[in-house]
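*Asks:* Whatever this is, show me its structure:
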Amino acid sequence: MSPRVSKQHKELRRANILAAAKKVFIQIGYERTTMKHIMDEANVSRGGLYQYFSNKEAVFEALLEEDLNDELEDTASLLVEQVDSYWDLLLWSIFGESKTPNDDMDELSPSKLEFFITGRHNAHRRTYGETRYQNGLKIYQDIIEAGQKNGEFSSRFPSNLIARTIVTFIDGTALEHAILPAEILKLADQNRLFFDYIKAALEVKES
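*Replies:* This next block holds a predicted model:
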């Protein structure tokens with residue numbers, strides 16, 4: 001009889017596999033990555049890998065779910081607390097902990113683009129992408145709605161429209177980041193302009 005493996009051990013092995021897979025996806029992209037690459041990086045056997053994930057797509061979707069669920073949970077928990085500034089919370093959700101426009105970009109962005117663009121005719125991946133889009137949209141929309149309700153933001157534009165604009169900008173810069181060198185992209189400059197654009201649209205007053 002084979003020894004029983006604890007739930008905690010299984011969760012740890014799964015997390016280690018995902019961490020290894022993320023490294024591979026960042027290094028060589030979604031399309032070029034194979035299960036063999038992930039297996040070697042995670043230092044697991046073929047059976048050990050397929051015990052958790054049936055294919056590369058399942059691995060990548062698990063990574064996407066982890067990132068999005070963490071952000072959804074963080075945003076939801078912050079919204080139920082006493083928030084001093086919804087503008088600060090919105091900046092955190094767009095630019096990260098620094099809350100300021102910068103050159104930082106999610107290193108997994110190029111692989112995410114590959115995953116969704118190359119799978120645009122795949123029914124499962126298209127449906128998954130639409131669901132993910134709506135969940136991502138909700139993060140920004142909930143913050144904007146809360147700020148509009150308490151008077152910190154103007155209600156001149158619908159929260160959904162501004163949230164869609166944010167998602168479109170982030171996706172657009174991610175595409176450019178994937179194909180253009182930094183000196184041409186000048187991401188920080190674009191982010192600073194977008195910062196001013198959203199601030200003007202929400203009519204945020206200087207603190």
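
*Asks:* can you pull out the helices in the protein?
*Replies:* Applying DSSP state H to the chain gives helices spanning 7-28, 35-42, 46-50, 56-79, 86-95, 109-118, 123-149, 159-179, 182-185, 187-202.

*Asks:* Of all the ones you listed, which one comes closest to Asp103?
*Replies:* helix 187-202 (4.7 Å; Cβ to Cβ). No exception for glycine: its C-beta is placed from N, CA and C like everyone else's.

*Asks:* Glu61 reaches Gly129, doesn't it?
*Replies:* No. With contact defined as Cβ atoms under 8 Å, Glu61 does not reach Gly129; the gap is 10.4 Å.

*Asks:* domains of this protein?
*Replies:* The record's domain parsing of the chain by automatic domain parsing lists 1-54, 60-202.

*Asks:* Now stretch 152-168: buried residues?
*Replies:* Buried residues in stretch 152-168, counted by 16 or more other Cβ atoms under 10 Å: Glu152, Phe153, Ser159, Ile162, Ala163, Thr165, Ile166.

*Asks:* For the residue nearest to Arg192 when sequence neighbours are not counted, give its distance to Gln51.
*Replies:* Leaving aside its chain neighbours, Arg192 sits nearest to Pro101 (4.3 Å; criterion: Cβ to Cβ, 6 or more residues apart in numbering). Separation of Pro101 from Gln51 (Cβ to Cβ, to the nearest Å): 43 Å.

*Asks:* Show me what the least confident helix or strand in the chain by mean pLDDT packs onto, helices and strands only.
*Replies:* None of the helices or strands of the chain scores lower by mean pLDDT, DSSP states H and E than helix 182-185, at a mean of 76. Helix 182-185 sits against helix 159-179, with contacts defined as 3 or more Cβ pairs under 8 Å, 6 or more residues apart in numbering; DSSP states H and E.

*Asks:* lowest-confidence stretch among the helices of the chain?
*Replies:* Note on those: lowest mean pLDDT is at helix 182-185, with a mean of 76.

*Asks:* on that earlier part again, pull out the buried residues from the least confident helix or strand of the chain.
*Replies:* Neighbour counts over helix 182-185 (16+ other Cβ under 10 Å) mark Leu185 as buried.

*Asks:* repeat for stretch 188-202
*Replies:* Within stretch 188-202, the residues that count as buried by 16+ other Cβ under 10 Å are Gln190, Asn191, Phe194, Phe195, Ile198, Lys199, Ala201, Leu202.

*Asks:* do you know how far the closest residue to the fourth one other than its chain neighbours is from Asn16?
*Replies:* Here the nearest residue to Phe195 in space, its sequence neighbours aside, is Pro101; by Cβ to Cβ, 6+ apart that works out to 4.9 Å. Using Cβ to Cβ, one obtains 34 Å as the distance from Pro101 to Asn16.

*Asks:* The two: which is more packed in?
*Replies:* Per other Cβ atoms under 10 Å, whichever of Pro101 and Asn16 has more neighbours is Pro101, with 19 against 14.

*Asks:* wouldn't the more buried one be in contact with Phe95 here?
*Replies:* Yes. Assessed by Cβ under 8 Å, Pro101 is found in contact with Phe95 at 6.3 Å.
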